[in-house]
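Peer 1: Got a predicted structure here, sequence first:
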Amino acid sequence: MTSFGVCPNCGQDDIIRIPSDRFSGQAVSGVAVSALRLVLFARLICLTCGFVREWVDDRKDLDLLRKKFGRQQ
């Protein structure tokens, strides 16, 4: 069993991970970077208080977000 630590909101450890997979049958969470490209977010959900954390799993997707929305260097 994988541990995701404790919830920063309530301190409990009853946490599940919802993967970033558009074909999993789960509701998809993400951001569009073009008409044909969606950057998906993985989620951790605390089953005690409902606190949700999201992040981008794929480093290549972070680069896409940086190009689309990030600061110009």
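Peer 2: On my side now, so go ahead.
Peer 1: so what strands line up beside the helix or strand of the chain with the lowest mean pLDDT?
Peer 2: Ranking every helix and strand in the chain by mean pLDDT, DSSP states H and E puts strand 30-34 at the bottom, with a mean of 84. If you go by DSSP bridges, strand 30-34 pairs up with strand 37-40 (antiparallel).
Peer 1: what does the partner strand rub up against?
Peer 2: 20-22, 28-33, 56-58, 61, 64-65 (C-beta atoms under 8 Å, 6 or more residues apart in numbering). C-beta: built from backbone N, CA, C; applies to glycine.
Peer 1: Run through the residues that contact the closest residue to Asp13 other than its chain neighbours.
Peer 2: Leaving aside its sequence neighbours, Asp13 sits nearest to Val6 (C-beta to C-beta, 6 or more residues apart in numbering; 5.0 Å). Residues near Val6 by C-beta under 8 Å, 6+ apart: 12-13, 15.
Peer 1: Perfect, that will be all.
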